[in-house]
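Undergrad: Got a sequence here, can you build the structure:
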Amino acid sequence: KTPMKTGRSEQQSTASPSKVEGMHTPRQKRSTPLKERQFSKPLSERTNSSDSERSPDLGHSTQIPRKLVYDQLNQILVSDAALPENLILVNTTDWQGQYVAELLQEQKKPVVCTCSAVEVQAVLSAILTRIQRYCNCNSSVPRPVKVVAVGGQSYLSAILRFFVKQLASRTSDWLGYMRFLIIPLGSHPVAKYS
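TA: So this is what the prediction gives:
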């Protein structure tokens with residue numbers, strides 16, 4: 001056997017009272033480098049830097065939608081007997097979305113300002129619930145509700161992801177009850193084609 005050299009770190013660890021006496025001392029968590037955190041997420045949850053800068057709160061979160069979102073929804077979804085013709089969802093986490101929302105509100109358009117995935121889910125759930133009520137109370141097929149999505153790529157992804165997840169358990173005729181219109185903000189892949 002060859003003798004082992006003791007390095008500086010080994011000398012410190014053997015001199016530590018927690019190691020010698022079997023006691024545990026609380027330690028601060030070391031932060032994980034950004035690169036490791038990014039690759040620890042599944043590929044589907046990763047976003048590019050422009051997406052995370054544009055919509056920082058659109059990831060998975062457990063927050064509660066703001067009262068403003070419900071107030072705006074109540075102004076648009078006024079009656080169970082009728083569905084709105086259209087609804088404009090605007091990502092207001094960036095200045096462009098805030099500006100667009102302000103202009104649309106001045107024109108009395110049916111705008112709902114959202115800042116997180118939870119708020120997007122609340123809005124889409126309310127619309128789908130209202131469509132379900134309409135179908136239960138009327139024999140006629142509802143006309144499609146036009147949902148205008150104003151925001152970046154991650155915002156559109158959050159909207160479509162929730163929509164697909166909700167419609168997975170419904171019949172195919174539900175695909176005709178909503179139409180999505182996209183208004184891209186910032187560097188958006190759809191903007192190349194408009």
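
Undergrad: From the contact counts, what lies against the helix ranked longest in the chain?
TA: Assignment by DSSP state H gives helix 117-137 as the longest helix of the chain. Counting contacts by 3 or more CB pairs under 8 Å, 6 or more residues apart in numbering; DSSP states H and E, helix 117-137 is packed against helix 67-76, strand 86-91, strand 111-114, strand 145-151, helix 153-167. Bear in mind the C-beta positions are built from the backbone N, C-alpha and C, glycine included.

Undergrad: Identify whichever of the ones you listed lies nearest to Leu128.
TA: Closest to Leu128 of the helices and strands packed on helix 117-137 is helix 153-167 (CB to CB; 5.8 Å).

Undergrad: that older thread, which one of the helices and strands packed on helix 117-137 has the most crowded surroundings?
TA: strand 111-114 (a mean of 26; mean count of other CB atoms under 10 Å).

Undergrad: Now that strand: average pLDDT?
TA: Average pLDDT, strand 111-114: 95.

Undergrad: Give the pairing partners of it; include direction for each.
TA: strand 86-91 (parallel) (DSSP bridges).

Undergrad: Now do the longest helix of the chain and helix 153-167, the angle between them.
TA: Here the directions of helix 117-137 and helix 153-167 differ by 40 degrees (axes from the mean of the first three to the mean of the last three CA atoms, to 10 degrees).

Undergrad: Export the helices and strands packed on helix 117-137 as TSV, with columns for distance to Ile131.
TA: What follows is those, written out as TSV (distance: least, CB to CB, whole Å):
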stretch	distance to Ile131
helix 67-76	13
strand 86-91	12
strand 111-114	16
strand 145-151	7
helix 153-167	11
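
Undergrad: Determine which of the ones you listed approaches Ser125 most closely.
TA: helix 153-167 (7.4 Å).
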